[in-house]
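> Predicted structure and sequence below. I'll ask about it afterward.
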Amino acid sequence: MIQFINVTKIYGELRALDNISFSIASGEMVFLVGPSGAGKSTILRLLYREEKPTSGQVFVSNVDVSRLPNGQTPILRRRMGIIFQDFKLLPNKTSFENIAYPLFAIGMDNAEIKRRVHGALKVVSLSNKANDFPKNLSGGEQQRVGTARAIVQGPSLIIADEPTGNLDPNTSMEIFQLLEKINQKGTTVLIATHNQQMVDQMKKRVITMSNGKITSDIKSGSYHAV
Amino acid sequence: MNISGQNFRLGYRMLYEATQDIWRGGWSNWIVISILTSVLAIFGFVLQVSFGLKVIGQKLSDQMEFSVYLSNDVDVRDFALNLGKLPYIKRVEVIDRDIAWFEFKKNFTIGDDFPNPLPSTLHVRVTKADVLGSTIEKVKSLPGVIDLNYAPGVLGFINKFKNFLLISGSVLSVLLGLVTIVITANTIQLVIHSRQNEIEVLRLMGVDDWYIKGPLVLQGVFYAVVAATIAIIPLYILQTFLWETAQNLIGSILPTGLPQFQASNICQIYYILLVVGMVVTGTGCYMSTRKYLKI
């Protein structure tokens, strides 16, 4: 599903990624951990092509993302769901509209959009909040709407960048369980996080980074594997 | 999926998005619209002044006419035909002496045996004011010409004044046009900037660039239409007021044909404001959005 081959990313004087290589198979759930500035977010940004590597290759579903023409980027992003720490919901749209937006934008018919959005809302247990605006939702609910938006197009890959960074421990647990549920349905999930407790509880593959390098990659690891 | 149905849905949804954004924008819309209205109203006023100056210049140009009186032995129609072939002659109007005498007798009691004292007359108009002097000299020397009637002292002044009006009006319009473009583009840039986060979210969701730009461009066009429509109201009131005041004060010396000009002028200004507004806001939205869509 994902393959990084000798990837280096340099911002000015800063070497954010230093010749890293790893791969993630379809259906895996992987945690990307490490201190701030270790390069976790850069990896995610390279995956959804917000950045291009300085050198090396990044493959997503056998497509070399680093050489993808700009016009193809939206198609790549529609094949993956992205979850953000700050939720990134559109403030002027209801939960339903936020989740439906990517579907509206590809011209999908209304009946299919309704079916998919209500399905996604059911997965995140927010069917009763379809018409609420983000300002009327709690942090956890907003993140669940963000998760519903990420899964509504049926992506084969979910990328989550610090999805529980703004949430309390109980809500964080709910979000991780939700992501695990999505993973169990066959979707590959890659999560960059600082949430040590959750990583330890989930017993999934953990890739640990430090100073732009991978320091460990353990199949059923924990946050303490550094 | 039916492609034409899909395109129709996409078009409809972009329009819907634009409408929804405007609706939810609330008072912020009116801030943008009031800025655009002010700028367009000022631009419209300058256009109005410029058009006014232009038409006054034109009307002054219409005074670039002289009359030629011919001796009775000249075939007036042949003479007029040949005169019309001279360079810079725009129009030659023939006033036959018999017809003129007939019209004259209708207004005065004159006996039928009284001989016609009127000469045949030609009203000659030249294409531009600065050739009037030389054309008069040329016509004066033609055989059969008894006399010419023109205002020689006014010629130079009219010419200079007309050129001044045309140049100053054009310069003013262009300058204000540029100011309008700069202010409108900056206002639109602020609107787009305030939605930078939203654009980023849409981009990361895999929404195509054109679908992100579309509703914003439509929103810009909507602002322009509303602003131009509001801006034309004070201009119309001002024009009507100025025209009525001018009629009352100096009606007798105003050039003829101004009322007709006034009516078409306000429509013309409205169309210009609409087009300038829509093009500038539409392009401004498109360009500003593009900035935030770069990877």
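All right, it came through fine.
> Around residue B:81, count how many other residues there are.
12 (other Cβ atoms under 10 Å in any protein chain shown). For the C-beta atoms, the positions are set from N, CA and C on the backbone; glycine is no exception.
> which ones are touching the residue nearest to the spatial centre of chain A?
Geometric centre of chain A, nearest residue: residue A:159, 1.7 Å, by Cα atoms, centre = their mean. For residue A:159, the contact set (Cβ atoms under 8 Å, 6 or more residues apart in numbering or on different chains) comprises A:44, A:47, A:48, A:80, A:81, A:82, A:83, A:190.
> Which ones among the residues you listed also lie next to chain B?
Here is what survives when the contacts of residue A:159 are matched to chain B using Cβ under 8 Å from any Cβ of the partner chain: A:48, A:82.
> any idea which of the contacts of residue A:159 is closest to residue A:102?
Lowest distance from residue A:102 to the contacts of residue A:159 (Cβ to Cβ) belongs to residue A:81, with 9.3 Å.
> Is residue A:208 bridged to anything, and to what?
For residue A:208, the beta-bridge partners under DSSP bridges are residue A:33, residue A:216.
> That one and chain B: what is the separation?
26 Å (Cβ to the nearest Cβ, to the nearest Å).
> Tell me where chain A has helices.
In chain A, the helices defined using DSSP state H lie at A:40-47, A:73-78, A:95-104, A:110-123, A:139-151, A:169-184, A:196-202.
> Revised request: answer the last question for chain B.
With DSSP H, the ranges of helices along chain B come out as B:3-25, B:27-62, B:76-84, B:97-107, B:132-140, B:152-194, B:196-204, B:209-250, B:258-293.
> and the first one, is it in reach of chain A?
Yes - Helix B:3-25 reaches chain A (Cβ under 8 Å from any Cβ) through B:5, B:6, B:7, B:9, B:10, B:13, B:17, B:20, B:21, B:24.
> so what's the closest residue to the fourth one other than its chain neighbours up against?
In this case it means residue B:9. The spatially closest residue to residue B:9, leaving aside those adjacent along the chain, is residue A:107, at 4.9 Å (Cβ to Cβ, 6 or more residues apart in numbering or on different chains). Going by Cβ under 8 Å, 6+ apart, residue A:107 touches B:1, B:6, B:7, B:9, B:10, B:13.
> Where does pLDDT dip in the stretch 151-295 of chain B?
The stretch 151-295 of chain B contains residues with pLDDT under 70 at B:151-156, B:158-159, B:162, B:250-263, B:294-295.
> Looks like residue B:49 contacts residue B:170 (just checking).
No - counting by Cβ atoms under 8 Å, residue B:49 does not reach residue B:170; the two are 11.4 Å apart.
> For burial, what's the neighbour tally of whichever residue of the stretch 1-150 of chain B sits closest to chain A?
At 3.8 Å from chain A, residue B:6 is the closest residue in the stretch 1-150 of chain B, using Cβ to the nearest Cβ. Using other Cβ under 10 Å, residue B:6 is surrounded by 14 other residues.
> how far away is it from residue B:13?
Residue B:6 sits 10 Å away from residue B:13, going by Cβ to Cβ, to the nearest Å.
> same check, this time on residue B:172
43 Å.
> now do residue A:13
Counting by Cβ to Cβ, the gap from residue A:13 to residue B:13 is 45 Å.
> go on, residue B:93?
Counting by Cβ to Cβ - residue B:93 and residue B:13 are separated by 63 Å.
> Compare the two and say which is more crowded by neighbours.
Just comparing residue B:93 and residue B:13: by other Cβ under 10 Å the higher neighbour count belongs to residue B:13, 19 against 12.
> how about the residues of chain A that lie near chain B?
Residues of chain A lying near chain B (Cβ under 8 Å from any Cβ): A:48-50, A:52, A:70, A:73-79, A:82, A:84, A:88-90, A:92, A:101-102, A:104-109, A:149, A:153.
> still on that earlier bit, quickly name whichever of the contacts of residue A:159 is closest to residue B:210.
Distance to residue B:210, by Cβ to Cβ, is smallest for residue A:48 among the contacts of residue A:159, at 19.7 Å.
> what's the burial count for that closest one?
The burial count for residue A:48: 21, using other Cβ under 10 Å.
> and it, what are its phi and psi?
phi -100, psi 20 (degrees, to the nearest 10).
> Quick check: it touching residue A:76?
Yes - taking contacts as Cβ under 8 Å, residue A:48 lies within contact range of residue A:76: 7.3 Å.
> picking that back up, what about burial for the residues of helix B:3-25 next to chain A, which qualify?
B:9, B:10, B:13, B:17, B:21 (16 or more other Cβ atoms under 10 Å in any protein chain shown).
> Need the contact partners of stretch B:80-93.
In contact with stretch B:80-93 (Cβ under 8 Å, 6+ apart) are residues B:68, B:94, B:122-128, B:131, B:135, B:138-139, B:142.
> cutoff 7 Å now
B:94, B:122, B:123, B:124, B:125, B:126, B:127, B:128, B:131, B:135, B:138, B:139 (Cβ atoms under 7 Å, 6 or more residues apart in numbering or on different chains).
> So the third one sits against residue B:64, correct?
Yep, that's residue B:123 we're talking about. No - with contact defined as Cβ atoms under 7 Å, residue B:123 does not reach residue B:64; the gap is 11.5 Å.
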